[in-house]
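Visitor: Turn this into a model:
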Amino acid sequence: MKRRSLPVAAALAATAALLLTACGGGDDKSSDNDKIAGADQESKKPTKSAEPAGAAEDSPDGVDVSLPKDMNLVFDWEKPKAKNEAAAMDDAANYIRAIFRGVDKRTAKEAAVTTYSTGDGLHYAQVQIDDRLDGGRTSTGTRRYYDVSTRSSANGKSVEVAFCSDASKFYGKEVKTGKVLKTEPSPEDFSHFRIIMVQFPTSDSLWQASKVFVEEKAAKCQ
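Guide: As a prediction, the model looks like this:
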């Protein structure tokens, strides 16, 4: 999907404590009747602007979210009719792509990461990337995302994007040797994500992940 290029600034570092463990685990205790957790945490306007490095002309928001051919992320979902929810869903997918692009590029400061996340969402992405970097690993295979749903806050500036993940065909790979660390399929391959996306202050097309909740071994996704 092509959208107009923006000058994108590095997002502010998170000041709140990380909600999840390094592997992404966390509690998922909300119900459809609850207020959206983190809906009051709006995206903050950066203090310093800069063009993202390595941006491709046809990349969304002028930021490259491409991945190597052996790292295949499949987003098996349909967009909602609501414009803001569709845009938030697009950028939730870009946020996931950005994390794995950071893994591939071996840096948590990748432009896509700082474009599509803020606050706790940025912190979560950095922890995920750094964990793989510290272990000398990248990722390979196919990871599928499905059963997506969205719901907006009252002011429409925050959208919860919830979905399942199947990593049963997605493996770690040693960077130095190229060895693929294959595992047997298990309940640990299935996770349920809830990502709170907030609208960027100076754009109606860019949304950032501000909070991430992950339920591991999610029965609802198996």
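Visitor: For the rest of this, base every contact and every neighbour count on C-alpha atoms.
Guide: Noted.
Visitor: Contacts only, for Lys173.
Guide: By Cα atoms under 8 Å, 6 or more residues apart in numbering, the residues touching Lys173 are Arg137, Thr138, Ser139, Thr140, Lys179, Val180, Leu181.
Visitor: what pairs with the first one across the strands?
Guide: Arg137 has the following beta-bridge partners by DSSP bridges: Glu174.
Visitor: my read: it touches Val175, true?
Guide: Yes. At 5.4 Å, Arg137 counts as touching Val175 under the criterion of Cα atoms under 8 Å.
Visitor: So between these two, which is more surrounded?
Guide: A count of neighbours by other Cα atoms under 10 Å puts Arg137 above the other of Arg137 and Val175, at 25 against 17.
Visitor: Got the confidence number for that one?
Guide: Residue-level confidence at Arg137 comes out at 97, pLDDT.
Visitor: Now do the host helix or strand of Ala98: everything it contacts.
Guide: Secondary structure from DSSP states H and E places Ala98 in helix 83-105. Defining contact as Cα under 8 Å, 6+ apart, one finds that helix 83-105 is touched by 65-68, 73, 75, 79-80, 108-110, 112-113, 116-117, 125-126, 128-130, 132-133, 138-139, 150-152, 156-157, 159, 161, 195, 197-199, 205-209.
Visitor: Show me the helices in the chain, by range?
Guide: Taking DSSP state H as the test, the helices found in the chain are 83-105, 111-115, 119-134.
Visitor: any idea which of the ones you listed is most buried?
Guide: With neighbours defined as mean count of other Cα atoms under 10 Å, these peak in mean count at helix 111-115, which reaches a mean of 28.
Visitor: Please tell me how far it is from the chain's geometric centre.
Guide: Relative to the mean C-alpha coordinate of its chain, helix 111-115 is positioned 10 Å out (Cα atoms, centre = their mean, to the nearest Å).
Visitor: Please name the residues that touch Arg151.
Guide: Under the criterion of Cα under 8 Å, 6+ apart, the contact list for Arg151 reads Glu85, Val159, Glu160, Val161.
Visitor: quick revisit: just the buried residues of the contacts of Lys173.
Guide: Arg137, Thr138, Ser139, Thr140, Val180 (16 or more other Cα atoms under 10 Å).
Visitor: Which residue comes closest to the last one once chain neighbours are left out?
Guide: Of all residues not flanking Val180 in the chain, Lys173 sits nearest, at 4.4 Å (Cα to Cα, 6 or more residues apart in numbering).
Visitor: and if you look at the third one?
Guide: Sequence neighbours aside, Gly172 is the residue nearest to Ser139 in space, at 4.6 Å (criterion: Cα to Cα, 6+ apart).
Visitor: Check the contact between that neighbour and Thr138; I expect there is one.
Guide: Yes. If you go by Cα under 8 Å, Gly172 and Thr138 touch, sitting 5.8 Å apart.
Visitor: in stretch 205-222, what's buried?
Guide: Burial within stretch 205-222, assessed by neighbour count using 16+ other Cα under 10 Å, is assigned to 205-218, 221.
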